[in-house]
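>>> dropping the sequence and predicted coords here.
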Amino acid sequence: MYSHACSCIGRPTVLRTRAGRTYRGYVERVTPRGVYYRAKGLSVGFFPFFSIASIVLLSALFWY
């Protein structure tokens, strides 16, 4: 998860938590413990890796 999160820094993504919440925004920073994420309209929040179900690049969801 760490290396995938690092590849998503600064790119538009969808973050889905294990609790089922979905956030659209940008990965700001990645640490060995989790991700600092800026969701649309919100300030930067920290998500520990154990709470993240998936991080998907938005470009992977749409074919051009």
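Alright, I've got the coordinates.

>>> going forward, measure contacts between C-alpha atoms and count neighbours the same way
Will do.

>>> just give me the residue right at the centre of the protein.
Central residue of the chain (Cα atoms, centre = their mean): residue 15, 4.1 Å from the mean position.

>>> ok, that residue - contacts?
22, 23, 24, 25, 52, 53, 54, 55, 56 (Cα atoms under 8 Å, 6 or more residues apart in numbering).

>>> and the residues you listed, which are buried?
23, 24, 25, 52, 55, 56 (16 or more other Cα atoms under 10 Å).

>>> can you show me the strands along the protein?
Per DSSP state E, the chain carries strands over the ranges 12-17, 22-31, 34-39, 44-48, 52-57.

>>> CA atoms of the first one as CSV?
In CSV, the C-alpha atoms belonging to strand 12-17 read as follows (Å, rounded to 0.1, in the frame of the first residue of the first chain):
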residue,chain,number,x,y,z
PRO,A,12,-6.6,13.0,-8.5
THR,A,13,-7.7,9.9,-6.6
VAL,A,14,-10.6,8.2,-4.9
LEU,A,15,-9.9,7.0,-1.4
ARG,A,16,-12.2,4.4,0.1
THR,A,17,-12.1,3.5,3.8
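
>>> average pLDDT for stretch 7-21?
The pLDDT scores in stretch 7-21 average 90.

>>> pull out the buried positions in it.
Neighbour-count burial for stretch 7-21 [16+ other Cα under 10 Å]: 8, 9, 12, 13, 14, 15, 16, 17.

>>> spatially nearest residue to the fourth one, not counting backbone neighbours?
Translated: residue 13. Excluding its sequence neighbours, the residue lying closest to residue 13 (Cα to Cα, 6 or more residues apart in numbering) is residue 57, at 4.4 Å.

>>> my read: that neighbour touches residue 8, true?
Yes - contact status for residue 57 versus residue 8: in contact at 7.0 Å, counting by Cα atoms under 8 Å.

>>> quick revisit: make TSV from the strands of the chain and add distance to residue 3 to it.
Output for the strands of the chain, formatted as TSV (distance: least, Cα to Cα, whole Å):
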stretch	distance to residue 3
strand 12-17	15
strand 22-31	9
strand 34-39	11
strand 44-48	14
strand 52-57	11
